[in-house]
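Student: Model the following, please.
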Amino acid sequence: MPDLFDTAPAATTADTARGPRPLADRLRPRALSEVIGQDHLLGPEGSLRVMLDAGSLPSLIFWGPPGVGKTTIARLLADETDLHFVQISAIFTGVPELRKVFEAARHRHANGQGTLLFVDEIHRFNKAQQDGFLPHMEDGTILLVGATTENPSFELNAAVLSRAQVLVLNLLDEGALDQLLERAELELGKTLPLTPEARHALRDMADGDGRALLNLVEQVAAWETGAPLDTSALAHRLQRRAAQYDKSGEAHYNLISALHKSVRGSDPDAALYWLARMLEGGEDPRFLARRITRMSVEDIGLADPQAQRQCLDAWETFERLGSPEGELALAQAVIYLALAPKSNAAYTAYKDSRASAKSTGSLPPPKHIMNAPTKMMKEQGYGAGYAYDHDAEDGFSGQNYFPERMGRAHFYHPVERGFERDLKKRLDWFEGLRKKRQRG
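Tutor: Numbers count the residues shown, from 1 in each chain. So this is what the prediction gives:
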């Protein structure tokens, strides 16, 4: 079923003649202006809207969770740009089918008709299959629009990414889900038999997925009830645990923030409380394992190098034991992180180095640390003057390893806490030796 979006006008008589249609299909947008939840792309100043208004649409990669509009936006783009729309799935399409798609696109291109090729789950194609798109993208035979729930940086070839623009689609927020819920009721011609609290719980069960929300709405709308159902009755009938993080209805991202900040604030009791609240609310323990591991590298880092290992061990223990026994390992990791010395020095250094790398462009390394496998490169000075540190006094040459036109930069500033106290002593020692070598 295509991804979800905003609602379209009610089905026409011709539509009804096709037979029963799922609610999600009946509410499919018929124009980009009807898509909800992606204003950063489709609003007046949205990046995709600007491309369309300028008449310059590149190949695109839509990256986002299920049910937020990836397929729908691709189909509507074809309508707005007058391109022939072709949809395939990387799960079910092999090389023979791809050849047929490309051949048909070539024929259309020769006759003056462009093709928008939408590839769902594009990350499931292997490297060779992804490379097969390149010549057809370059000569204009196809405009590729790929959809993926995985990070394109890890899953897609650099060659494909260099020829396409990645656009991130967001989970539908509370406002978008409420809007979708209201329009679903308008389409159904009835109000769902739910208390206000249960209505909020139904929305929270969708977890930002518009398609999931409409599937739930369709189930609830079919029930015959004497009175509005409360949250407990709703969860029982759906056999799904309602989000019960607390009485104020905070979403899970607020609670993970509370857990993270409690760990950062070295409060193991508060951290355990928020961990328990999320587990009781039905949060996926694997999500928590990932976020706890992130805390270890973001807020503790090298102040306690064992923190990351504790988290990975807890994650593995959970995978072996499962729930509920494995959740104790996650609790143990949270306690360890809360009591560990804190430092974001590595995190900050990484961000600063990325910013510097971006701003300095393509500056080459200094020639003395570049390899010289050929005679010509040796004649050009590659490798000349390199000092082998193991032969130097104290095992440290003090040479420059930054680009010559850049100058030396300082990104890593360890704190006076935990193991980083020792690292700071080493860093200061090397800096002193470097100055001594430069003076000498």
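
Student: Tell me if I88 really is in a helix.
Tutor: No. Counting by DSSP: H, G, I helix; E, B strand; the rest coil, I88 is not found in a helix; it is strand.

Student: so what's it up against?
Tutor: E97, L98, V101, L117, F118, V119, D120 (CB atoms under 8 Å, 6 or more residues apart in numbering). The way it works is simple: take the backbone N, C-alpha and C, and place the C-beta from them, glycine included.

Student: Kindly supply the PyMOL command isolating those of those that are buried.
Tutor: PyMOL command restricting the contacts of I88 to the buried ones, with burial defined by 16 or more other CB atoms under 10 Å:
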select buried, resi 98+101+117+118+119+120
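
Student: now, which of the contacts of I88 sits nearest A233?
Tutor: D120 (36.7 Å; CB to CB).

Student: roughly how far apart are the closest one and V86?
Tutor: 12 Å (CB to CB, to the nearest Å).

Student: cool, G432 as well?
Tutor: 65 Å.

Student: Comparing these two, which shows the higher neighbour count?
Tutor: V86 (16 against 11; other CB atoms under 10 Å).

Student: Show the pLDDT at the more buried one.
Tutor: We have a pLDDT of 95 for V86.

Student: list the contacts for the residue nearest the centre of the chain?
Tutor: Centroid check for the chain by CA atoms, centre = their mean gives N151 as the closest residue, at 5.5 Å. Counting by CB under 8 Å, 6+ apart, N151 makes contact with W63.

Student: switch to 10 Å and redo it
Tutor: Shown in contact with N151 (CB atoms under 10 Å, 6 or more residues apart in numbering): W63, H123, V166.

Student: and what of P193?
Tutor: So P193 contacts R199, V220, A221, W223, E224, T225, G226, A227, P228, L229, A233, L234 (CB under 10 Å, 6+ apart).

Student: Quickly note the distance from the residue nearest to the third one when sequence neighbours are not counted to L23.
Tutor: I take that to be A221. Nearest residue to A221 in three dimensions, chain neighbours excluded: L188, at 5.3 Å (CB to CB, 6 or more residues apart in numbering). Shown here: L188 relative to L23, a distance of 7 Å by CB to CB.

Student: Wait, V415 touches K424, no?
Tutor: Yes. If you go by CB atoms under 10 Å, V415 and K424 touch, sitting 7.4 Å apart.

Student: quick one: common contacting residues for the two?
Tutor: By CB under 10 Å, 6+ apart, the residues touching both V415 and K424 are A345.

Student: For the nearest residue to A90 once chain neighbours are set aside, give me its contacts.
Tutor: Excluding the flanking residues, the one nearest A90 by CB to CB, 6+ apart is R124, at 3.9 Å. For R124, the contact set (CB under 10 Å, 6+ apart) comprises S89, A90, I91, F92, T93, T148, E150, E155.

Student: circling back: thought the residue nearest to A221 was touching Q219?
Tutor: No. In this structure, L188 is not within contact of Q219 by CB under 10 Å, at 11.9 Å.

Student: Can you give me every residue that contacts G55?
Tutor: G55 makes contact with T81 under the criterion CB under 10 Å, 6+ apart.

Student: scratch that, A105
Tutor: H84, V86, Q113, G114, T115, L116, L117, H136, G140, T141, I142, L143.

Student: so what's the spatially closest residue to V95 that is not a sequence neighbour up against?
Tutor: Leaving aside its sequence neighbours, V95 sits nearest to Q129 (CB to CB, 6+ apart; 6.8 Å). Taking CB under 10 Å, 6+ apart as the criterion, Q129 is in contact with A90, T93, G94, V95, L98, V119, I122, N157.

Student: next one: V166
Tutor: V166 neighbours (CB under 10 Å, 6+ apart): L60, I61, F62, W63, G146, T148, N151, P152, S153, L156.

Student: Following the chain onward from the helix or strand bottoming out on mean pLDDT in the chain, which element is next?
Tutor: Here the helix or strand of the chain ranked lowest by mean pLDDT, DSSP states H and E is helix 13-16, holding a mean of 43. Downstream of helix 13-16, the first helix or strand assigned by DSSP states H and E is helix 23-26.

Student: just checking, what packs against that following helix?
Tutor: helix 13-16, helix 174-188, helix 210-221 (3 or more CB pairs under 10 Å, 6 or more residues apart in numbering; DSSP states H and E).

Student: Export the ones you listed as a markdown table, with columns for distance to P373 and mean neighbour count.
Tutor: Shown next, in a markdown table, are these (distance: least, CB to CB, whole Å; neighbours: other CB atoms under 10 Å):
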| stretch | distance to P373 | mean neighbour count |
| --- | --- | --- |
| helix 13-16 | 67 | 10 |
| helix 174-188 | 57 | 17 |
| helix 210-221 | 55 | 21 |
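
Student: Looking at the ones you listed, spot the one closest to D394.
Tutor: So among the helices and strands packed on helix 23-26, helix 174-188 is nearest, using CB to CB, at 59.9 Å.
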